[in-house]
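Novice: no sequence on this one, just coordinates:
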């Protein structure tokens, strides 16, 4: 069939396998070619849906996504049990490791590293940990935002100098330094897609978050009794387990993805805006949290503020990645494969003609299994 939008001859299907557009758009919502109501990495979702796993774990199929969601929920439940039983130090350790460990498992499951696991994992998560150790130790020399006191969110007043350091200086420095492990990844030309840059950036950011949490709470881990009254620690644990790693990973992933786009010569306003968004989100998260803590705002409102910042950043990442997948996937050759999303046997180029998933977001085991074909309309028609 001939695509209604890119005018190429493509295998018959609901979606064009070259440009990803929906065929026969009379009942579709919005622009069929950009189809922002169908997120390219997971077509069952809208681009503006702030889903953590389909954004930061883009290579996972639907069945694997649910497994990771359950694992994350189980981890949060474990933290809650430790909190209720007064095992705060154990809860802090589980909270610090939860998201980074899940991401390490994701990198293994999706084989994002392809044939170089030691190099990729060492330069992303390992490099992020090293950068986190160095920078966090330096931060503690000039200012210690994690200093523990009995009233976790209480303070006598606003420390303007501390607010400028924690809310402005440190976020900017961190967003300059955190992407370095991914940027200096050897053989990064073997990972040219924007989705690869996003994943490597998230991994580096999560490694940084882990080191930051362990060093920042080292005095608590060594000084707090093994069993203590739960108090208000649930709010700190929520930030530590959910919002802090998601912020660090998302912001770094956005910046590294933009660098990957620049290397492909595709840098545009939305990518430049991604860097600005990452830095502003980090500043808003840190400054807002610090200010509300010092003015004794209800901790629940602090968590709502953090959730709003992280949600906005996730949506912007999806917006950038969606358009990157639509653009980059259109240049792939035809191949016979099995769609990791709908599990149909297909002849496809950049998109599954059945569900519309961008195959550049498929697990790398699926990518390696694809056998390239000569791109010509008659061959495609005969194969079908």
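Specialist: Nice, thanks for sending it over. Computed from a predicted structure; not experimentally measured.
Novice: which residues of the protein fall in strands?
Specialist: For the chain, applying DSSP state E gives strands covering 335-338, 345-348, 371-372.
Novice: Quick check: neighbours of the first one in the sheet, parallel or antiparallel?
Specialist: Put plainly, it is strand 335-338. Strand 335-338 pairs in its sheet with strand 345-348 (antiparallel), strand 371-372 (antiparallel), by DSSP bridges.
Novice: mean confidence for the longest one?
Specialist: Meaning strand 345-348. Throughout strand 345-348, pLDDT has a mean value of 72.
Novice: do the same with the shortest one
Specialist: Mean pLDDT, computed over strand 371-372, is 43.
Novice: same check, this time on stretch 235-251
Specialist: Stretch 235-251 shows a mean pLDDT of 95.
Novice: quick one, helices of the stretch 201-350 of the chain?
Specialist: For the stretch 201-350 of the chain, the helices defined by DSSP state H, counting those that start in this stretch cover 218-223, 233-238, 244-263, 269-294, 299-329.
Novice: List the buried residues in the third one.
Specialist: Going by neighbour count (16 or more other C-beta atoms under 10 Å), the buried part of helix 244-263 is 244-261. Quick note: C-beta positions are derived from backbone N, CA and C, even for glycine.
Novice: what's the angle between that helix and helix 269-294?
Specialist: Helix 244-263 runs at 160 degrees relative to helix 269-294, counting by axes from the mean of the first three to the mean of the last three C-alpha atoms, to 10 degrees.
Novice: ok, now which ones touch the nearest residue to residue 129 once chain neighbours are set aside?
Specialist: Of all residues not flanking residue 129 in the chain, residue 207 sits nearest, at 4.2 Å (C-beta to C-beta, 6 or more residues apart in numbering). Residue 207 sits next to 100, 124, 125, 126, 127, 128, 129, 130, 131, 132, 181 when contact means C-beta atoms under 8 Å, 6 or more residues apart in numbering.
Novice: try 7 Å this time
Specialist: Shown in contact with residue 207 (C-beta atoms under 7 Å, 6 or more residues apart in numbering): 100, 124, 125, 126, 127, 128, 129, 132.
Novice: Quick one: these as CSV, columns for distance to residue 266, neighbour count and pLDDT too.
Specialist: Listed next are the contacts of residue 207 as CSV, based on distance: C-beta to C-beta, whole Å; neighbours: other C-beta atoms under 10 Å; pLDDT from 0 to 100:
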residue, distance to residue 266, neighbour count, pLDDT
100, 30, 24, 96
124, 22, 29, 90
125, 27, 25, 92
126, 29, 17, 92
127, 25, 24, 93
128, 25, 33, 94
129, 31, 22, 95
132, 30, 27, 93
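Novice: ok, those residues vs residue 161, which is closest?
Specialist: residue 132 (23.7 Å; C-beta to C-beta).
Novice: contacting residues around that closest one?
Specialist: Counted by C-beta under 7 Å, 6+ apart, residue 132 has contacts 207, 208, 210, 211, 212.
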